[in-house]
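Engineer: Predicted model and sequence below, questions to follow.
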Amino acid sequence: MDMDLDSRHLRLVSEIARAGNVTRAADRLHVTQSAVSHQLREIEDRLGTPLFVRAGRRMFPTAAGAHLVQTAGRVLDEIARAEATVHQFARNETGEFRVCTECHTGYHWLPPVLETVYRRFPGHQVRIAAEHTMHPIAGLLEGKLDLAIVNRQPVDRRLRIRPLFEDEHAAIVHPAHPFASRAFVTPEQLAAERLFLYSRSLDDSFIVRRVMRPAGVEPAAVTFLQLTEAMLEMVKARMGVSVLPIWSIAPALESGAVKAVRITRGGVFRRWEAASLAAAPPSDFVEHFIAVVLEHARTLGRLLASPGTTVTPSKRRTVARAAPASRVAVPPSARRRQGSRLPSPASTR
């Protein structure tokens, strides 16, 4: 739809009404009187009706002019507010940040991270876009997310990928379970147990996709639960075995209520990365958010010494390493092993 007016016309009409004549309006607009008169005639010609009537040296709006003056006030105020807000965006004084993790339990560690970030950027609003949890990359590519914390290592040149950390998944068992005295369990041994898994299906399960199926086994019996506390209660009641990241159940491990047993001799680790659009402009907020996530991960990295023992303060150690620089996604075969292998914030699928 073509429009006869723009913001310059609205400002001119508004100033004429405020000043009462063309001369004072021209002074306020820092243009010549003839320029104001010419523009007013042009506006009236476009609209097909006079906007002002003259009475001596004064000019008064017509009914059409009064309506336009009122509209101009609202529109110009809105434009001024929009400009002020955009300038705040440019100065990192405000903004909206949309983020999700690739599993709902990943949101357990977001509150302390956001609390730290808000201290530096108090004017920003963060929206946790949980609706994109199952398909975070699609959310990014559709412009519905600013950052996705993912564990499937996407390969897409439209994305910018920054390594964050690795977390170790272990078999979680009752202290009296036969697994509790072992240094590690095999995929075959794990598959023979009643398993409580966080995922919604076997195809969504990290431990099934990455460990069991490559070993040629499928779980004998699985119950899917989307609540860590419920899974722990099942294990405590000797109803079966769970598989969880060690960091997510640190209090239960430290209390001795359950035991964590390594899966395979070398352990099972999952890499987490921050994904954003490669074409997105630089953002101090996003960079600070990622830095806080890394620091939070390093703090959690001090929690556990070994997944096979109950942790006591004397056994804690720091296992974090500095994360590599950001990169654009490349095929997995070309990637070097990166990140920090540590019990840190992540999904429990």
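Structural biologist: Structure received. Numbers count the residues shown, from 1 in each chain.
Engineer: what residue ranges in the stretch 201-349 of the chain score low on pLDDT?
Structural biologist: Low-confidence segments of the stretch 201-349 of the chain, defined by pLDDT under 70, are located at 299-349.
Engineer: mind listing the strands in it by residue range?
Structural biologist: Counting by DSSP state E, counting those that start in this stretch, the segments of the stretch 201-349 of the chain that form strands are 221-224, 241-245, 259-263, 268-277, 327-328.
Engineer: Tell me which of those strands sits nearest to residue 120.
Structural biologist: Distances from residue 120 to each of the strands of the stretch 201-349 of the chain were compared using C-beta to C-beta; the minimum, 17.7 Å, belongs to strand 268-277. All C-beta spots, glycine's among them, are computed from the backbone N, C-alpha and C.
Engineer: Neighbouring strands - and their directions - for that closest one?
Structural biologist: The pairing partners recorded for strand 268-277 under DSSP bridges are strand 147-150 (antiparallel), strand 159-173 (antiparallel).
Engineer: And residue 43, which helix or strand is it part of?
Structural biologist: If you go by DSSP states H and E, residue 43 is part of helix 33-47.
Engineer: out of all of them, which helix in this protein is the longest?
Structural biologist: helix 63-90 (DSSP state H).
Engineer: I'd like the next helix or strand past that one.
Structural biologist: Counting by DSSP H and E, the next helix or strand C-terminal to helix 63-90 is strand 95-101.
Engineer: residue ranges with poor pLDDT in the stretch 51-200 of the chain?
Structural biologist: Low-confidence segments of the stretch 51-200 of the chain (pLDDT under 70): 88, 91-94, 104-106.
Engineer: isn't residue 201 right up against residue 224?
Structural biologist: Yes. Because the distance of 7.2 Å satisfies C-beta atoms under 8 Å, residue 201 is recorded as touching residue 224.
Engineer: what about residue 108, distance to residue 148?
Structural biologist: Between residue 108 and residue 148 the computed distance is 17 Å (C-beta to C-beta, to the nearest Å).
Engineer: So which of the two has more stuff around it?
Structural biologist: Taking neighbours as other C-beta atoms under 10 Å, residue 108 and residue 148 compare with residue 148 leading, 25 against 16.
Engineer: List the contacts of the more buried one.
Structural biologist: Residues counted as contacts of residue 148 (C-beta atoms under 8 Å, 6 or more residues apart in numbering) are 99-102, 132, 136-137, 139-140, 274-276.
Engineer: so which of those residues is the most crowded?
Structural biologist: Comparing those by number of neighbours (other C-beta under 10 Å), residue 100 comes first, having 28 neighbours.
Engineer: Tell me the spacing between that residue and residue 31.
Structural biologist: For residue 100 relative to residue 31 (C-beta to C-beta), the value is 51 Å.
Engineer: surely residue 219 meets residue 196?
Structural biologist: No. Taking contact to mean C-beta under 8 Å, the distance of 10.5 Å between residue 219 and residue 196 leaves them out of contact.
Engineer: Just want to know which of those two has more residues nearby.
Structural biologist: Set side by side, residue 219 and residue 196 show more neighbours around residue 196, with 23 against 19, by other C-beta under 10 Å.
Engineer: that's a helix at residue 60, yeah?
Structural biologist: No. Residue 60 is assigned strand when assessed by DSSP: H, G, I helix; E, B strand; the rest coil, not a helix.
Engineer: Next one: it from residue 149, what distance?
Structural biologist: 62 Å.
Engineer: okay, the two: which has more neighbours?
Structural biologist: The neighbour comparison of residue 60 against residue 149 (other C-beta under 10 Å) goes to residue 149, with 26 against 12.
Engineer: ok, the more buried one - contacts?
Structural biologist: Contacts here follow C-beta under 8 Å, 6+ apart; on that basis residue 149 touches 99-102, 106, 136, 164, 272-275, 293.
Engineer: I'd assumed residue 232 was in contact with residue 249.
Structural biologist: Yes. Between residue 249 and residue 232 there is a contact at 6.3 Å, judged by C-beta under 8 Å.
Engineer: Common neighbours of the two, please.
Structural biologist: By C-beta under 8 Å, 6+ apart, residue 249 and residue 232 have these common neighbours: 172, 258.
Engineer: Outline the domain layout of this structure.
Structural biologist: 7-90, 92-349 (automatic domain parsing).
Engineer: Deepest in the core, which of those is it.
Structural biologist: Ranked by average neighbour count under the criterion mean count of other C-beta atoms under 10 Å, the domains of the chain are headed by domain 92-349 at a mean of 18.
Engineer: what about it, distance to the chain center?
Structural biologist: Computed by C-alpha atoms, centre = their mean, to the nearest Å, the chain-centroid distance of domain 92-349 equals 15 Å.
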